[in-house]
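# make a model of this:
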Amino acid sequence: MKYVVVILLILGVGLVGGILVFGERNQTITAPGAGLHEIAAPSSVLVEENASSSPLSTIVATSTAVSTTTPATPTSTADEKVIPATLSVKFSNLAPLQGETVLVSILGDPKSPEVSYDGKSIPVFLYQDGLRALIPIGAHESIGSHAIRITADNLPDYSRSIGVKSGKFPVVDLGIPEKMGTTTPAQLVQDLSKENAELNAIVALVTPETFFTRGFGLPLTDNTHLSSVFGEIRKTGDQTISHLGVDFGGAEGSKVAAMNDGVVEKAESTALYGNAVIIDHGEGIFSMYLHLKTILISKGMKVRRGQAIGTLGQTGYSTGPHLHLSVKINGVSVDPIKFVDAFK
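Have a look, this model is predicted:
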């Protein structure tokens, strides 16, 4: 009996050892960092257009990510995620009239976005909750389709067309004021071209800085007396002149305020435009105030939205007291009233 117990003990020890050895040989060792990882494949775009009668049209583009298996790396984990880049593009108007401004809102997380209109680069700037770009539609812009392109380092290219419609500008007859003496229509056009060249040299510059943080406003206390609209075609003798601004009537000497924050680029008298002020608002945006009675600021000054810059008058080529207001974007004249509305 004693020998039987001994034999059973020996067999028991061997069986336990065998179990331990068997378990040890089938144990799985997991190296740190091993497993599946999600990586971003080359981006693709999903475009959705909201079907709405609202004048605000929205285009949404979202890049996608693809899951795949990659070799283990010491710094990766099985829970690693990739957040796809997104892009949301909104247009204030997809069918603008000649003279209107299209405000492009670029939301999401694009890196180094660039915007072009018919191949021409448009400044992109930070405004309130996202990036913005302003596309000026000139009074003489061709009717029909025009291409907008947006590119970013982390997203595929985005393209969109807008359809420009006719502004249907009125035609009026306008004579030469008696105070201008014997000036002929041809001489008037020649002198206007000379002064315009000087002004255009100023507004052609693009300051890569945004001086404003709020929308733009109209410059008078009462802006309801509109005596001449933007784009008006004026016949003076055998000459034709396009009115690339708006004229506000008002009491001579009444306050004229800056449309927004900016830096004064011109504050002096000219032969035809009279006392003139030009303010640079940054990013290629300028406002011009002409025929002023008095000028209250000087070149180089920083002005604030609503600050008095002069008084309403009738200096230069003018048939009566009024303020001629112009807005230039990248050197292109746009309707100041429609420009203000684009920021609302």
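
# can you tell me the SS state at the nearest residue in space to Ala152 that is not next to it in sequence?
Excluding the flanking residues, the one nearest Ala152 by Cβ to Cβ, 6 or more residues apart in numbering is Pro110, at 3.5 Å. C-beta here means a position set from N, CA and C on the backbone, and glycine is covered the same way. State at Pro110, reduced to three classes by DSSP: H, G, I helix; E, B strand; the rest coil: coil.

# buried ones in stretch 169-178?
Phe169, Leu174, Ile176 (16 or more other Cβ atoms under 10 Å).

# what's across from the residue positioned nearest the centre of the chain in the sheet?
Nearest residue to the geometric centre of the chain (Cα atoms, centre = their mean): Ala133, 1.3 Å. Beta-bridge partners of Ala133, counted by DSSP bridges, are Val104, Val124.

# next secondary structure after the helix or strand where Tyr289 lies?
If you go by DSSP states H and E, Tyr289 is part of strand 285-292. Downstream of strand 285-292, the first helix or strand assigned by DSSP H and E is strand 294-295.

# against which helices or strands is the helix or strand just after that following strand packed?
Downstream of strand 294-295, the first helix or strand assigned by DSSP H and E is strand 302-303. Here strand 302-303 touches strand 262-270, going by 3 or more Cβ pairs under 8 Å, 6 or more residues apart in numbering; DSSP states H and E.

# if we go to 10 Å?
When contacts are defined as 3 or more Cβ pairs under 10 Å, 6 or more residues apart in numbering; DSSP states H and E, strand 302-303 packs onto strand 262-270, strand 274-282.

# about what we covered before: and the angle from the strand holding Tyr289 to strand 274-282?
Using axes from the mean of the first three to the mean of the last three Cα atoms, to 10 degrees, the direction of strand 285-292 lies 170 degrees away from that of strand 274-282.

# tell me what strand 285-292 is packed against?
Under the contact rule (3+ Cβ pairs under 10 Å, 6+ apart), strand 285-292 is packed against helix 185-203, strand 255-257, strand 262-270, strand 274-282, strand 308-311, strand 322-329, strand 332-334, helix 336-342.

# now do it, average pLDDT.
Mean per-residue pLDDT for strand 285-292: 98.

# for stretch 116-134, same thing?
95.

# buried set for it?
Per 16+ other Cβ under 10 Å, stretch 116-134 contains these buried residues: Ser116, Tyr117, Ile122, Pro123, Val124, Phe125, Tyr127, Leu131, Arg132, Ala133, Leu134.

# what residues are up against the fifth one?
Looking back up the chat, that one is Val124. Residues in contact with Val124, defined by Cβ atoms under 10 Å, 6 or more residues apart in numbering, are 104, 106, 110, 112-115, 131-134, 150, 283.

# which among these gets closest to Leu97?
Leu134 (15.8 Å; Cβ to Cβ).

# partners of the closest residue to that closest one other than its chain neighbours in the sheet?
Spatially, and ignoring its direct neighbours in sequence, Leu134 is nearest to Ile329 (5.3 Å; Cβ to Cβ, 6+ apart). With DSSP bridges as the criterion, Ile329 is bridged to Ile285, Val332.

# before we move on, what about Ser269?
With DSSP bridges as the rule, Ser269 is bridged to Asn275.

# do you know how far it is from Val89?
44 Å (Cβ to Cβ, to the nearest Å).

# in terms of neighbours, single out the busier of those two.
Val89 (24 against 12; other Cβ atoms under 10 Å).

# quick revisit: where does the residue nearest to Ala152 fall, phi/psi-wise?
Backbone torsions for Pro110, taken as degrees, to the nearest 10, come to phi -70, psi 150.

# between the helices and strands packed on strand 302-303, which gets nearest to Glu232?
Closest among these, using Cβ to Cβ: strand 274-282, at 18.8 Å.

# just the element for the closest residue to Ser105 other than its chain neighbours, please.
Excluding the flanking residues, the one nearest Ser105 by Cβ to Cβ, 6+ apart is Lys90, at 4.2 Å. Remark: Lys90 resides in strand 86-91, with elements defined by DSSP H and E.

# okay, now the sheet partners of that strand, with direction.
Per DSSP bridges, strand 86-91 is paired in its sheet with strand 57-62 (antiparallel), strand 101-108 (antiparallel).

# any idea which of those scores lowest on pLDDT?
strand 57-62 - the lowest mean pLDDT of the strands paired with strand 86-91, at a mean of 34.

# burial count for the nearest residue to Asp222 once chain neighbours are set aside?
Residue nearest to Asp222 in three dimensions, not counting chain neighbours: Gly250, with 6.6 Å by Cβ to Cβ, 6+ apart. Neighbour count for Gly250, taken as other Cβ under 10 Å: 22.
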